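**Q** I'd like to go over a predicted model; first the sequence, then the structure.
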Amino acid sequence: NAGVTQTPKFQVLKTGQSMTLQCAQDMNHNSMYWYRQDPGMGLRLIYYSASEGTTDKGEVPNGYNVSRLNKREFSLRLESAAPSQTSVYFCASSASGFGPLSQETQYFGPGTRLLVL
Amino acid sequence: DAKTTQPNSMESNEEEPVHLPCNHSTISGTDYIHWYRQLPSQGPEYVIHGLTSNVNNRMASLAIAEDRKSSTLILHRATLRDAAVYYCILRDRAGANNLFFGTGTRLTVIP
């Protein structure tokens, strides 16, 4: 049981390049999330998917797109990378649908470190 | 979600108890108090959560003030592996899907 996995671990991009960050979970969770963490700061939500087939914007969605490929996988795409998108990106998942969200636990992946030059 | 206030940093000696405070004076009656921690170069991990009563699990204890305006995460015997940033987060019944992370408390454990 791997939990939440993310690929790649590290990536360097030039300004304007595109890339997709991959995330998969093996816990049969309904909800998945993408966060970013800038140095010295807490995590901020980019997009989330409450269930397969749905996606919604979070706090900082500009410059990103997401795809909920199936129940297991949730990808984050940068169409034209900018230096301001240099950050650590975390994917998370939660069960959802089994009680109020106020009691839910989110499970996080190890992160992808992205540097945009 | 209501706001929380935590000290930026704390230190503890190894094998001693640690009390990490969190103030949440605007908490509503249905907000749950969650704690997560982030070890160096890792994603956050769940520690504990509660509503009104004190809670215990294998990782820590959560002490909630009677008026619920503050709470304390208690690590009973700090180890070097407990060095991390600890986040206190409130979640309301309306259930926003995301967790609102602040800057947390950076715990340093001294050998």
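**A** Nice, thanks for sending it over. Fair warning: this is a prediction, and the values are worked out from it, not measured in the lab. Numbering: from 1, shown residues only, chains lettered A, B, ... in the order given.

**Q** so what's B:Leu51 closest to, chain neighbours aside?
**A** B:Tyr32 (5.4 Å; CB to CB, 6 or more residues apart in numbering or on different chains). (Glycine included, C-beta is placed from N, CA and C.)

**Q** no no, B:Thr108
**A** Counting by CB to CB, 6+ apart, B:Thr108 lies nearest to B:Glu11, which is 4.7 Å off, once chain neighbours are set aside.

**Q** and the pLDDT at that neighbour?
**A** As predicted, B:Glu11 sits at a pLDDT of 97.

**Q** how about residues contacting the host helix or strand of it?
**A** Here B:Glu11 sits within strand B:9-13, counting by DSSP states H and E. Contact partners of strand B:9-13, identified using CB atoms under 8 Å, 6 or more residues apart in numbering or on different chains, comprise B:Val18, B:Leu20, B:Leu75, B:Ala78, B:Thr105, B:Arg106, B:Leu107, B:Thr108, B:Val109, B:Ile110.

**Q** buried ones in that strand?
**A** B:Met10, B:Ser12 (16 or more other CB atoms under 10 Å in any protein chain shown).

**Q** now for the very next helix or strand once past that strand, which elements pack on it?
**A** Beyond strand B:9-13 on the C-terminal side, the first helix or strand identified by DSSP H and E is strand B:18-23. Packed against strand B:18-23 by the contact rule (3 or more CB pairs under 8 Å, 6 or more residues apart in numbering or on different chains; DSSP states H and E) you find strand B:9-13, strand B:70-75, strand B:84-91, strand B:105-110.

**Q** any idea how far the residue most central in space within chain A lies from chain B?
**A** With distances taken as CA atoms, centre = their mean, A:Trp34 lies nearest the centre of chain A, 2.3 Å away. Shown here: A:Trp34 relative to chain B, a distance of 10 Å by CB to the nearest CB, to the nearest Å.

**Q** thought A:Gln6 was touching that residue, still the case?
**A** No. With the criterion set as CB atoms under 8 Å, A:Trp34 and A:Gln6 do not qualify as a contacting pair; they are 9.9 Å apart.

**Q** give me the common contacts of those two.
**A** Taking CB under 8 Å, 6+ apart as the contact criterion, the common neighbours of A:Trp34 and A:Gln6 are A:Leu21, A:Cys23, A:Tyr89, A:Phe90, A:Cys91.

**Q** ok, now which ones touch B:Arg106?
**A** Contacts were defined as CB under 8 Å, 6+ apart; by that measure B:Arg106 touches B:Asn8, B:Ser9, B:Met10, B:Ala84, B:Val85.

**Q** what sits closest to the last one if chain neighbours are left out?
**A** So the one you mean is B:Val85. Closest to B:Val85 by CB to CB, 6+ apart is B:Gly104, at 4.3 Å.

**Q** pLDDT at the one you found, what is it?
**A** Turning to B:Gly104, the model gives it a pLDDT of 93.

**Q** residues contacting it?
**A** Counting by CB under 8 Å, 6+ apart, B:Gly104 touches A:Gly42, B:Gln6, B:Gln38, B:Val85, B:Tyr86, B:Tyr87, B:Cys88.
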